[in-house]
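Participant: I'll drop the sequence and a predicted model, then ask my questions.
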Amino acid sequence: MADETKKCDAILCPRDYPTNVKGVRKSIKRNEEFGPLLGVPRVHSSQQPGGMDFLRADPSHTEFHGDDDIHTKGDPRYAWKDRGDGVQLGTLIPDEAEPEPFGPGQPTGHPETEADAEPKPHA
Amino acid sequence: MWWIWAALAALLRFVFTLQLTPTNRFINNGLVTFTPTIPTGTMVTIKGVQSVSMNPQVKTIQGAGDADFYPSLSVAVEGEPTITVNTINDAVLNAVAPGTVGTLAWTQNDARNGATTAGGALIYTITNAVYTPGDTVQGHRVFGTFAATFTAYATDGITNPVAVAAA
């Protein structure tokens, strides 16, 4: 059953957030604040290159698409929205359906056909 | 009489709060498990754990030139988190083939509260941990030890495979 209080799928927050606590209390505070947003009691946090922490419900989730699909590897998995205090809430970007090759409106990939399709300038 | 019950409740609440206050100190390891994912396998509980050591293994490259004696630039270019579990149960991972990929979970217990929820214990989860057997050591009049080494990778190349959470 989906958690009704869940507001996002992942969170990016500054490494020192929340700033007034240190050590293990920081992880406890993150559970208290971000757990309800992610719909879980326990928030898994990873230090990312660049100074942000990546928080999610499932530690196996990654910030970007993995190498299981060469077409999407490295693409962001989440759409991020800054809530104003440096914390960004991420929503999963739904996977796009694969476009039909050479379907209506799709480029054919043939230079001649492409050139023919373009409107010719008036002489 | 009501104030006696109120005082008793307040005392119990105080004791309970005191019990759960994290010490920010850790002692002993709680549950240590390895769950193979490639190939899929059943979770193995690593018992008899003596120590767990974790090193992010961040590597740097240095630049220097001209009359430089020290590097004039040093940048971090790579991380390869490595975790070593030392145990006296040296047969615990016999059934796991070297190179098996899995999830390693490890609880670092709070010094006073153990692994109590909100009591200060930390749970580390290492995804894509590749198992390699390490040294088996047997000394005189001491228990033999076995070192299981795990190196972790990220499928997207960016997300740190080591995640931490408060228990």
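Facilitator: Great, that's in hand.
Participant: centre of the chain to stretch B:157-166, how far?
Facilitator: 12 Å (C-alpha atoms, centre = their mean, to the nearest Å).
Participant: next to chain A, which bits of chain B? Give me the list.
Facilitator: Within chain B, the positions near chain A by C-beta under 8 Å from any C-beta of the partner chain are B:22, B:24, B:76, B:79, B:103, B:110, B:118, B:120-123, B:125, B:127, B:154-167. All C-beta spots, glycine's among them, are computed from the backbone N, C-alpha and C.
Participant: shaky segments in the chain?
Facilitator: Just going to use chain A. Using pLDDT under 70 as the threshold, the predicted model of chain A has low-confidence ranges A:1-4, A:97-123.
Participant: my bad, the chain I had in mind was chain B
Facilitator: Counting by pLDDT under 70, the low-confidence segments of chain B come to B:14-19.
Participant: tell me the contacts of the residue in it that chain A sits nearest to?
Facilitator: Going by C-beta to the nearest C-beta, chain A is nearest to B:Thr155 of chain B, at 3.1 Å. Neighbour list for B:Thr155: A:Thr62, A:Gly66, A:Asp67, A:Asp68, B:Asn128 [criterion: C-beta atoms under 8 Å, 6 or more residues apart in numbering or on different chains].
Participant: name the nearest residue to it, ignoring sequence neighbours.
Facilitator: Across the structure, with C-beta to C-beta, 6 or more residues apart in numbering or on different chains as the measure, the residue nearest B:Thr155 apart from its sequence neighbours is A:Gly66 (3.1 Å).
Participant: distance of that neighbour from B:Gly157?
Facilitator: To B:Gly157, A:Gly66 is 8 Å away according to C-beta to C-beta, to the nearest Å.
Participant: if you count surrounding residues, which of those two has more?
Facilitator: Regarding A:Gly66 and B:Gly157, a neighbour count based on other C-beta atoms under 10 Å in any protein chain shown identifies A:Gly66 as having more, with 17 against 12.
Participant: the more buried one in helix, strand or coil?
Facilitator: Taken by DSSP: H, G, I helix; E, B strand; the rest coil, the conformation at A:Gly66 corresponds to coil.
Participant: so it sits against A:Lys73, correct?
Facilitator: Yes: between A:Gly66 and A:Lys73 there is a contact under C-beta atoms under 8 Å: 6.5 Å.
Participant: need the overlap of contacts for these two.
Facilitator: With contacts defined as C-beta under 8 Å, 6+ apart, the residues shared by A:Gly66 and A:Lys73 are B:Asp156.
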